[in-house]
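*Asks:* Got a sequence here, can you model it:
(one chain, ligands or ions: 1)
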Amino acid sequence: MNARVAMAELIEGLSKPEKMISPKYFYDERGSKLFEKITELPEYYPTETELAIMRDNVDEMADLIGPQASLIEFGSGSSLKTRILLKHLHEQAVYVPVDISEDHLHETAESIRAEFPELEVLPVVADFMHPFTLPNPAVMPRRNIVYFPGSTIGNFTHDAALELLKVMYQEAGEDGALLIGVDLQKDPAIIERAYNDSAGVTAEFNLNMLRHLNREFGSDFNLDAFSHRAEYDEDNGRIEMRLTSGEWQEVSLGGKDFVIEEDEAILTEYSHKYTLEGFAGMAAKAGFTVAEVWTDAKQLFSVQYCTRQ
Ligand code: AVJ
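*Replies:* Coordinates of the predicted model:
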């Protein structure tokens with residue numbers, strides 16, 4: 001994303017009645033490391049639960065996907081989950097990671113190539129919120145499988161999530177399918193604990209967003225004044241993460257000044273949790289049928305295989 005567009009978007013968010021900053025600004029180098037640490041926390045159940053679901057069911061997934069598929073990952077994961085899937089696919093044909101960050105993408109592509117020398121890896125630099133052109137592989141794949149692990153879908157409001165599913169529908173093509181990780185609604189106490197860990201890593205991750213903006217966009221947020229909040233909103237089925245300023249401050253960004261009142265909060269992230277019915281309903285609006293759902297014994301998390309209707 002170009003710097004001028006990013007600046008305009010940041011200014012727009014900070015000009016809203018409730019100030020907000022997109023969760024994509026979490027992920028500078030330090031932020032990515034902090035997220036890694038989050039995934040290893042005892043309270044943060046999504047990563048290890050999804051990984052276990054993949055490990056336990058990957059053979060069945062590979063059978064459903066069939067041979068010579070093109071795996072199109074939205075976001076350049078290079079995660080363990082992706083590797084497990086690639087390892088088990090039958091006659092794996094092509095891996096297409098799609099990401100807006102070129103650096104990250106090429107790093108991913110290189111490490112996947114090193115691990116899977118037979119696999120054709122064709123990275124695409126694109127903003128996957130909008131349709132993009134798929135690369136031409138050496139051997140025509142039998143079908144496209146869009147892969148979207150990690151419950152990243154949770155970051156999007158229901159409207160935006162539906163738009164994204166429509167792009168996935170289009171990229172999957174005629175006989176294609178979607179394999180997606182979706183975090184589930186459950187006892188709010190379990191969810192709130194996952195976003196308010198006792199070691200304070202999530203708080204540090206949240207705060208790092210402002211550190212990132214200060215460095216990259218020349219703003220002057222007083223980091224010391226902010227504290228981390230994460231609350232589960234049961235009506236909307238989502239975690240809402242905020243940074244609350246304990247003091248009045250005036251922040252300048254891109255030539256504009258923003259007043260932050262004492263105890264005013266900036267919204268930094270939504271993390272939506274779904275019921276199985278809720279997700280199926282949204283997927284149906286995008287043209288998908290949920291054909292298979294795998295969960296863990298406690299029904300904390302799901303991986304869902306969706307075919308085009
Ligand atoms: C990467 C969006 C799936 O929502 O759980 C973790 C990000 N934020 N702890 C999530 C996150 C705070 C994470 N996602």
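
*Asks:* Could you use CA atoms for every contact and neighbour count after this?
*Replies:* Will do.

*Asks:* how close does the spatially most central residue of the chain sit to residue 80?
*Replies:* The centre of the chain sits closest to residue 152, judged by CA atoms, centre = their mean, with a distance of 2.5 Å. Residue 152 sits at a distance of 15 Å from residue 80 (criterion: CA to CA, to the nearest Å).

*Asks:* can you tell me the residue of the stretch 51-200 of the chain closest to the ligand?
*Replies:* Minimum separation of the stretch 51-200 of the chain from the ligand (CA to the nearest ligand atom) falls at residue 152, amounting to 4.4 Å.

*Asks:* Per-residue confidence at that residue, what does it come out as?
*Replies:* Note for residue 152: predicted pLDDT of 96.

*Asks:* Any idea how far stretch 137-151 is from the middle of the chain?
*Replies:* Counting by CA atoms, centre = their mean, to the nearest Å, stretch 137-151 is centred 18 Å from the centre of its parent chain.

*Asks:* And for stretch 72-89?
*Replies:* With CA atoms, centre = their mean, you get 14 Å for stretch 72-89.

*Asks:* The strand or helix carrying residue 271 close to the ligand?
*Replies:* For residue 271, the host element (DSSP states H and E) is strand 265-272. Yes: shown here: strand 265-272 in contact with the ligand (CA under 6 Å from any ligand atom) through residue 271.

*Asks:* Buried residues, that strand. List them.
*Replies:* Using 16 or more other CA atoms under 10 Å as the test for burial, strand 265-272 gives 265, 266, 267, 268, 269, 270, 271, 272.

*Asks:* what are the bridge partners for the fifth one, then?
*Replies:* Meaning residue 269. Residue 269 has these beta-bridge partners by DSSP bridges: residue 241.

*Asks:* Might one say that it is in contact with residue 243?
*Replies:* No: using CA atoms under 8 Å, residue 269 is not in contact with residue 243, being 9.9 Å away.

*Asks:* From residue 180, how far out is the residue of the stretch 51-200 of the chain closest to the ligand?
*Replies:* In terms of CA to CA, residue 152 sits 9 Å off from residue 180.

*Asks:* Ok, residue 281 next?
*Replies:* According to CA to CA, residue 281 and residue 180 sit 15 Å apart.

*Asks:* ok, those two, which is more surrounded?
*Replies:* residue 180 (22 against 15; other CA atoms under 10 Å).

*Asks:* tell me the contacts of the nearest residue to that one once chain neighbours are set aside?
*Replies:* Residue nearest to residue 180 in three dimensions, not counting chain neighbours: residue 148, with 4.7 Å by CA to CA, 6 or more residues apart in numbering. Neighbouring residues of residue 148 by CA atoms under 8 Å, 6 or more residues apart in numbering: 73, 74, 75, 178, 179, 180, 181.

*Asks:* Could I get the phi/psi values of residue 148?
*Replies:* phi -140, psi 80 (degrees, to the nearest 10).

*Asks:* And it, how far from residue 124?
*Replies:* Taken as CA to CA, the span from residue 148 to residue 124 is 15 Å.

*Asks:* Also residue 208?
*Replies:* Counting by CA to CA, the gap between residue 208 and residue 124 amounts to 28 Å.

*Asks:* out of these two, which sits in the busier spot?
*Replies:* More crowded of residue 208 and residue 124, by other CA under 10 Å: residue 124, with 25 against 20.

*Asks:* what pairs with that one across the strands?
*Replies:* residue 98.

*Asks:* quick one: it and residue 97 touch, right?
*Replies:* Yes: counting by CA under 8 Å, residue 124 touches residue 97, with 6.3 Å between them.

*Asks:* what do these two both touch?
*Replies:* By CA under 8 Å, 6+ apart, residue 124 and residue 97 have these common neighbours: residue 105.

*Asks:* Which residues of the stretch 1-150 of the chain lie near the ligand?
*Replies:* Counting by CA under 6 Å from any ligand atom, the stretch 1-150 of the chain sits next to the ligand at residue 150.

*Asks:* And the helices in the stretch 1-150 of the chain?
*Replies:* Under the criterion DSSP state H, counting those that start in this stretch, the stretch 1-150 of the chain contains helices at 3-14, 29-39, 45-65, 80-88, 102-115.

*Asks:* Now mean neighbour count and mean pLDDT too, for the ones you listed, in CSV please.
*Replies:* Shown next, in CSV, are the helices of the stretch 1-150 of the chain (neighbours: other CA atoms under 10 Å; pLDDT from 0 to 100):
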stretch, mean neighbour count, mean pLDDT
helix 3-14, 14, 94
helix 29-39, 15, 94
helix 45-65, 18, 98
helix 80-88, 17, 95
helix 102-115, 15, 91
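
*Asks:* Can you tell me which of those helices is nearest to residue 300?
*Replies:* helix 45-65 (7.5 Å; CA to CA).

*Asks:* if we can go back for a sec, so which of the contacts of residue 148 belong to strands?
*Replies:* Among the contacts of residue 148, DSSP state E puts 73, 74, 178, 179, 180, 181 in strands.
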